[in-house]
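1. Okay, sequence plus prediction incoming.
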Amino acid sequence: MEDSRFTQLLLDWFDGSGRDLPWRFKGGAHPDPYVVLVSEIMLQQTTVKTVLSYFDRFMQCFPTVQALANAPLEDVYRAWQGLGYYTRARNLHRSAQIIVGEMNGCFPQTLEALKKLKGIGTYTQASFLALAFNRPETVVDGNVIRIMTRLFHRTEPVNELTAWIDETARRFTSVLRPADYASAIMDLGATVCTPKNPQCTYCPWQEACLSKDRADLEKIPQRRLTAKKDMHSNVYVIVNARGDVFLRRQTEKGLLSGLYEFPWREAYDVAGAEDTKKTVTHIFTHIRLTLNVYVCHAEVAPTVGEFVSLTHFDRYPLSTLMKKVLKAAREFL
Ligand code: ADE
């Protein structure tokens, strides 16, 4: 089948079966690059389902790039709460400031100019330019890798196929409708060519697919497994006589990141720390972190920070990990 035929079949399928998502622009509407940027950053490490429950609220808090640039970082973190990977929020905020302060409020429209923004790798550069400016950039994410390797039944480990995947994905990219094509290939991966139970009978490329009906279909693409590193530490929930709990600002890369945390990482010699026998586990990209939760009673702050009344906790943005710690310690407070 000709490359252009693949493109056409996918676009036809998208016109009938593409997802309706709040950051999408249908019916010829001109996309707002700010909406595209926010959604693409949110979608970097978070599923569509989760992003759907945060996106509208974030856009209400910061409806324009100017509003985001002018907001205190802490407010941005608060609106980001629950999405995790807070570096993204900080980078997005910084990017908004660069766009407003250094680019006159005009979004970059080339790969070169996009590099001046923060936290935008190869994938997001391509998806942003395709979705916001209809540039024929080729998007290669996990969906595209799965679709291409299955379509041509490439059973080698994916890390050996990088150049082939880029080239194959590029061949099919639409020149006339690049934004729709980028959305379409993501939707095909998310709703039809799924990791488990792919719905091949709905696939616009089923006739050409070399993996359809083969027993090893779900095993493609073959990934080299990288085990997550196990890390263990203690976390201390310190309560004073009034029942207030100690919180400190998290420091990251020497910056005050704006999120709050219970003391952990360092070994605290907190007298009378009560082992709650509870642990919380959190998976980061390469790490599985397990924290033993201790509750201690003390009047003096162990580090820079403050005792906060539990009724005021919602004013202090906590990461998902620290929310889990709070939940684990609740019955001891
Ligand atoms: N994943 C990354 N970007 C996406 C988008 N714009 N729509 C759906 N899923 C995505």
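-> Received it, and whenever you're ready, just let me know what you need. All figures in this text were calculated on a predicted structure; none of them were measured in a lab.

2. Where does the residue lying closest to T110 once chain neighbours are set aside fall, secondary structure wise?
-> Nearest in space to T110, with sequence neighbours left out and distances taken as CB to CB, 6 or more residues apart in numbering, is L129 at 7.8 Å. No exception for glycine: its C-beta is placed from N, CA and C like everyone else's. Following DSSP states H and E, one finds L129 within helix 122-133.

3. mean confidence score for the very next helix or strand once past that helix?
-> Per DSSP H and E, the first helix or strand lying C-terminal to helix 122-133 is helix 142-151. Averaged across helix 142-151, pLDDT comes to 97.

4. Quick one: distance of helix 142-151 to the chain centre.
-> 20 Å (CA atoms, centre = their mean, to the nearest Å).

5. okay, the residue of the stretch 201-333 of the chain found nearest the ligand: pLDDT?
-> Closest contact between the stretch 201-333 of the chain and the ligand, by CB to the nearest ligand atom, is at T285 (16.6 Å). Confidence at T285, expressed as pLDDT, is 78.

6. Repeat that for L225.
-> pLDDT at L225 comes out at 66.

7. Pull the number of nearby residues for the residue in the chain that the ligand sits nearest to.
-> Nearest to the ligand in the chain, going by CB to the nearest ligand atom, is L43, at a distance of 3.7 Å. L43: 19 surrounding residues under other CB atoms under 10 Å.

8. contacting residues around it?
-> V51 (CB atoms under 8 Å, 6 or more residues apart in numbering).

9. go on, T173?
-> T7, P136, E137, T138, Y181.

10. With D3 instead?
-> R171, F172 are the contacts of D3 under CB under 8 Å, 6+ apart.

11. what do you get for V48?
-> V48 touches R19, L21, A190, counting by CB under 8 Å, 6+ apart.

12. ok, now E299?
-> By CB under 8 Å, 6+ apart, the neighbours of E299 are N240, A241.

13. What distance do you get for it to V270?
-> Separation of E299 from V270 (CB to CB, to the nearest Å): 12 Å.

14. tally of neighbours for the nearest residue to R170 once chain neighbours are set aside?
-> In space, and not counting its chain neighbours, R170 is closest to T138: 4.5 Å by CB to CB, 6+ apart. By other CB under 10 Å, 20 other residues sit near T138.

15. so T138 touches D166, yeah?
-> Yes - with contact defined as CB atoms under 8 Å, T138 counts as touching D166 (7.1 Å).

16. Which phi and psi values does N234 adopt?
-> phi -110, psi 150 (degrees, to the nearest 10).

17. who touches it in this structure?
-> W264, A267, Y268, L291, N292, V293, Y294.

18. same check, this time on G272
-> Per CB under 8 Å, 6+ apart, neighbours of G272: C296, H297.

19. Just give me the neighbour total for Q44.
-> Neighbours of Q44 using other CB under 10 Å come to 18.

20. Flag every residue of the stretch 151-300 of the chain that's near the ligand.
-> Contact residues, the stretch 151-300 of the chain versus the ligand (CB under 6 Å from any ligand atom): S183, M186.

21. I'd like the average pLDDT over the helix or strand L10 falls within.
-> Using DSSP H and E, L10 sits within helix 3-17. For helix 3-17, the mean pLDDT works out to 97.

22. could you give the angle of it to helix 142-151?
-> Angle of helix 3-17 versus helix 142-151, following axes from the mean of the first three to the mean of the last three CA atoms, to 10 degrees, is 120 degrees.

23. Helix 3-17: which residues count as buried?
-> Residues F6, T7, L9, L10, L11, W13, F14 are the ones in helix 3-17 that count as buried (16 or more other CB atoms under 10 Å).

24. and which of these is nearest to P33?
-> F14 (21.2 Å; CB to CB).

25. give the contact list for the closest one.
-> By CB under 8 Å, 6+ apart, F14 lies in contact with D180, Y181, S183, A184, D187.

26. Which of the residues you listed fall in helices?
-> Under the assignment DSSP state H, those contribute D180, Y181, S183, A184, D187 to helices.

27. burial measure for N292, as a count.
-> N292 has 18 neighbours, counted by other CB under 10 Å.

28. helix/strand/coil for it?
-> Following DSSP: H, G, I helix; E, B strand; the rest coil, the label given to N292 is strand.

29. thought it was touching T279?
-> Yes - contact criterion CB under 8 Å: N292 and T279 qualify, at 5.5 Å.

30. Mind jotting down where the helices sit in the protein?
-> Going by DSSP H, the chain shows helices at 3-17, 33-42, 48-61, 65-70, 73-80, 87-102, 111-114, 122-133, 142-151, 162-172, 178-187, 320-329.

31. I'd like the mean pLDDT over the fourth one, please.
-> The reference is to helix 65-70. Here helix 65-70 scores 98 as its mean pLDDT.

32. Which positions in it come out as buried?
-> Applying 16+ other CB under 10 Å to helix 65-70 flags V65, L68, A69 as buried.

33. For stretch 282-293, list every residue counted as buried.
-> H282, L289, L291, N292, V293.
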